[in-house]
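S.K.: Just a sequence and a predicted model for now, questions to come.
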Amino acid sequence: MLTIAGSDSGAGAGIQADLKTFHQFGVYGTTVVVAITAQNTLGVRAVHPVPPKIVAAQLAALAEDLPPAALKSGMLATTDLVREVAAAIRRYRWRNYVLDPVIAASSGDALLDLEALTALRAELVPLAALVTPNLDEARLLTRQEVADPVAMERAGHALLGAGARAALIKGGHLEGQVVTDVLVTAQGVRRFTHPRLTTRASHGTGCTLSAAITAGLARGIDLEHSVEQALDFVTRAIAGAPPLGAGHGPLNHWVRAPRTEESPA
């Protein structure tokens, strides 16, 4: 298992959230750090991208000795880093790649520039077994409005048309008391629904969800079941979130996750 993402000093998102999630799902997590952030529940204070050559060295070290059964990427920050990651996935022929196209933090602070978004759309989407955008990210990736479940389905099909094998459009920003997430694959469309939770604990939800899906894929679980398990885990992690920080707090990564008796991936 591999996460390629930024380090969150508040430990609610990014590399830290991914590793906590991997642990709960019983898989061994490795990391490639692409950026160091200074942040807490109130927002992002600073972002320092890691030099591309150091990112390339981390990727090469893992390919040599600890190749992942599945991998995900989160915050990638710059065009050069997006391209470095895409080149590595192609070079090492890594499969089961989940692309979480992180563009902004829960606080609204930007984590990806527009030039990097263009590179992400062109180079990483076609490599992805699954893309997991929220509504804003889906809008930017597909260049179409995404404001209801029907539009979410259209956006999912557009991402498949761009080369992704599947897309999960997350509906947490929809209005109403029911949250709908839409999974689009070549085999069809499935909507997942659950009651909306009133909470400040939203920091790291996307990271945690994509990490949980990646863990399922690493354990040999099919995509739809991996998504179903991950959504259930995140919902319970939000419901049981600790009262930490004055802003968007972290989830409870200690809630029970599905486990198997298989060896860690």
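M.R.: All right, it came through fine.

S.K.: CA atoms for contacts and neighbours, from now on please.
M.R.: Will do.

S.K.: what are the bridge partners for residue 31, then?
M.R.: In this structure, residue 31 has the following beta-bridge partners (DSSP bridges): residue 3.

S.K.: Which parts of the helix or strand bottoming out on mean pLDDT in the chain count as buried, going by neighbours?
M.R.: One helix or strand of the chain scores below all others by mean pLDDT, DSSP states H and E: helix 114-119, with a mean of 88. Buried residues in helix 114-119, counted by 16 or more other C-alpha atoms under 10 Å: 116-117, 119.

S.K.: for stretch 50-58, same thing?
M.R.: Residues 50, 52, 55-56, 58 are the ones in stretch 50-58 that count as buried (16+ other C-alpha under 10 Å).

S.K.: quick one: which of those is nearest residue 73?
M.R.: Using C-alpha to C-alpha, residue 55 is the member of the buried residues of stretch 50-58 that lies nearest residue 73, at 12.6 Å.

S.K.: How about residues contacting the one helix or strand that closest one maps to?
M.R.: Assigned by DSSP states H and E, residue 55 belongs to helix 52-65. Around helix 52-65, the neighbours that count as contacts under C-alpha atoms under 8 Å, 6 or more residues apart in numbering are 30, 32-34, 68, 80-81, 84-85, 88, 92.

S.K.: Mind checking which of those land in helices?
M.R.: Secondary-structure check on these using DSSP state H: residues within helices are 80-81, 84-85, 88, 92.

S.K.: if we can go back for a sec, would you list the buried residues of helix 114-119 in JSON lines and tack on distance to residue 199?
M.R.: Listed next are the buried residues of helix 114-119 as JSON lines, based on distance: C-alpha to C-alpha, whole Å:
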{"residue": "116", "distance to residue 199": "32"}
{"residue": "117", "distance to residue 199": "30"}
{"residue": "119", "distance to residue 199": "34"}
